[in-house]
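Asker: next one to model:
(chains A, B, C and D)
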There are 4 protein chains.
Amino acid sequence: MAHTVANKSKLIARVRRIKGQAEALERALEAEVGCTDVLMLVASLRGAVHGLSTEVVEDHIRNHVADPATDPDPARAKGAAELIEVIRTYLR
Amino acid sequence: MAHTVANKSKLIARVRRIKGQAEALERALEAEVGCTDVLMLVASLRGAVHGLSTEVVEDHIRNHVADPATDPDPARAKGAAELIEVIRTYLR
Amino acid sequence: MAHTVANKSKLIARVRRIKGQAEALERALEAEVGCTDVLMLVASLRGAVHGLSTEVVEDHIRNHVADPATDPDPARAKGAAELIEVIRTYLR
Amino acid sequence: MAHTVANKSKLIARVRRIKGQAEALERALEAEVGCTDVLMLVASLRGAVHGLSTEVVEDHIRNHVADPATDPDPARAKGAAELIEVIRTYLR
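Answerer: Residues are numbered from 1 along each chain as shown, chains lettered A, B, ... in the order given. The predicted model follows:
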């Protein structure tokens, strides 16, 4: 089962943003900016990577396990919706 | 779909261990033990709660979404097995 | 250097709350409540333990490394304040 | 207090590795590799960013709060060493 094109573009956009954040961090380290700025850049890189993780796992659930929106089995659809909810809380 | 009795006992055993760890930590704080010991007790409580989280989520996947061992759809069984693997890595 | 009494009481109150949350979770598992409720109880236990971790580490910084409020060296006071800030972000 | 050059190079090397991992992930998404491979690439990116976070925070402690190896106050040196230890455990 392939990922939808929409999801693929969204994930690629997230990964490019992460690459851009890594580049900004590299420049900041080269320029020897203060430690406070480095800590802030790392914190936002960290947040972006956590956001990507959550989205990739969610995507996997919808495409390869069960999609709450389309699963014919209502119990499984509910279970998958709850799972996605809990993953969002835990992977923050 | 109810959780199996085996899983219920395992989860209760984990929760009791966590309660015991919280009690040990409470006594340590009352006794004003050194900060190093407090930090170690909190780290192990933290580890136990992460272990419980992973197990509860895994349990939810097997019982309410898809069980890799019994799902009649091989693609979904594989997707669920991979999901459990990734959850274990991410929720550590 | 001993922890202040105020901090000790605050930490003990947090640990007791965690013990209470573990007991509620144990009762919920015994009563075979639904998986959704279990997942929610575990998520709040997890949040409480993360909050405790952050507070214990912050406490350790203030009492055994450098207290931003009282350190005579202004550079170290600033460094400790930033450290506490970043710990709060990272240990959530 | 500026970061030492040795640390700067080590941090930049880590950030470049992260950038390389983000690029590999971008190519993998473009090439529509399987979800398993994407999940693995994201997990290793995540691990690399956590490693960077720990190192940046450790660096901040040594350079702007207290360095266990050189602090003239033995109690603070010990407190800083314990702090670094606990940060490594918690930020994994």
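Asker: ok, and what's touching stretch A:74-88?
Answerer: Applying CB atoms under 8 Å, 6 or more residues apart in numbering or on different chains, the set of residues contacting stretch A:74-88 from outside is A:54, A:57-58, A:61-62, A:65-71, B:1, B:57, B:60-61, B:63-66, B:87, C:35-36, C:39, C:43. Heads up, the C-betas are built off the backbone N, CA and C, glycines and all.
Asker: run the last query once more with 7 Å
Answerer: Counting contacts by CB atoms under 7 Å, 6 or more residues apart in numbering or on different chains, the residues outside stretch A:74-88 that touch it are A:54, A:57-58, A:61, A:65-68, A:71, B:1, B:57, B:60-61, B:64-65, C:36, C:39, C:43.
Asker: filter those residues to the buried ones?
Answerer: Buried members of the contacts of stretch A:74-88, counted by 16 or more other CB atoms under 10 Å in any protein chain shown: A:54, A:57-58, A:61, A:65-68, A:71, B:57, B:60-61, B:64-65, C:36, C:39, C:43.
Asker: show me the shaky parts of chain A.
Answerer: Within chain A, the stretches with pLDDT under 70 are A:1-6.
Asker: in it, which spans are strands?
Answerer: Taking DSSP state E as the test, none of chain A falls into strands.
Asker: interface residues of it facing chain B?
Answerer: With CB under 7 Å from any CB of the partner chain as the criterion, chain A meets chain B at residues A:1, A:53, A:57, A:60-61, A:64-66, A:75-76, A:79-80, A:83, A:86, A:90-91.
Asker: rewinding a little: now, which of the contacts of stretch A:74-88 lie within helices?
Answerer: Those of those mapping onto helices are A:54, A:57-58, B:57, B:60, C:36, C:39, C:43, per DSSP state H.
Asker: which residues of chain A lie near chain C?
Answerer: A:36, A:39, A:43, A:82, A:86, A:89.
Asker: can you tell me how far the residue nearest the centre of chain A is from chain C?
Answerer: Central residue of chain A (CA atoms, centre = their mean): A:Leu52, 1.6 Å from the mean position. A:Leu52 sits 17 Å away from chain C when distances are taken as CB to the nearest CB, to the nearest Å.
Asker: surely that residue meets A:Arg14?
Answerer: Yes - with contacts counted by CB atoms under 7 Å, A:Leu52 reaches A:Arg14, the gap being 4.9 Å.
Asker: picking that back up, got the contact list for the residue nearest to the centre of chain A?
Answerer: A:14-15, A:18, D:42.
Asker: so which residues on chain A come close to chain D?
Answerer: So chain A meets chain D at A:2, A:8, A:11-12, A:15-16, A:18-19, A:22-23, A:25-26, A:29-30, A:32, A:35, A:38-39, A:42, A:45-46, A:49, A:52-53, A:56, A:60, A:63-64 (CB under 7 Å from any CB).
Asker: so how do I select the buried members of those in PyMOL?
Answerer: The buried residues among these can be selected in PyMOL (16+ other CB under 10 Å) with this line:
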select buried, chain A and resi 11+15+18+19+22+25+26+29+35+38+39+42+45+46+49+52+53+56+60+63+64
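Asker: A:Ser9: how many residues sit nearby?
Answerer: Residues within reach of A:Ser9, counting by other CB atoms under 10 Å in any protein chain shown, total 11.
Asker: so what's A:Leu91 up against?
Answerer: A:50, A:53-54, A:57, B:90.
Asker: same question but for A:Arg16, I mixed them up
Answerer: Applying CB under 7 Å, 6+ apart, the residues contacting A:Arg16 are D:Glu26.
Asker: now it: how far from chain B?
Answerer: A:Arg16 is 22 Å from chain B, by CB to the nearest CB.
Asker: ditto for A:Arg27
Answerer: 30 Å.
Asker: residues in contact with stretch A:28-39?
Answerer: Contacts for stretch A:28-39 (CB under 7 Å, 6+ apart): A:41, C:82, C:86, D:2-3, D:8, D:11-12, D:15, D:56, D:60, D:63-64.
Asker: quick check: end-to-end length of it?
Answerer: Counting by CA to CA, to the nearest Å, you get 11 Å between the two ends of stretch A:28-39.
Asker: likewise stretch A:64-75?
Answerer: Termini of stretch A:64-75 sit 17 Å apart (CA to CA).
Asker: one step back: now, which of the contacts of A:Leu91 sits nearest chain C?
Answerer: A:His50 (10.2 Å; CB to the nearest CB).
Asker: OK, contacts around the closest one?
Answerer: A:91-92.
Asker: go on, A:Glu58?
Answerer: If you count contacts by CB under 7 Å, 6+ apart, then A:Glu58 has A:84, A:87 around it.
Asker: run a quick neighbour tally on the residue lying closest to A:Asp71 once chain neighbours are set aside.
Answerer: Nearest in space to A:Asp71, with sequence neighbours left out and distances taken as CB to CB, 6 or more residues apart in numbering or on different chains, is A:Ala77 at 4.1 Å. As a burial measure, A:Ala77 scores 17 neighbours (other CB under 10 Å).
Asker: now for the residues of chain A next to chain B, which pair is the farthest apart?
Answerer: A:Ser53 and A:Ala75 (27.2 Å; CB to CB).
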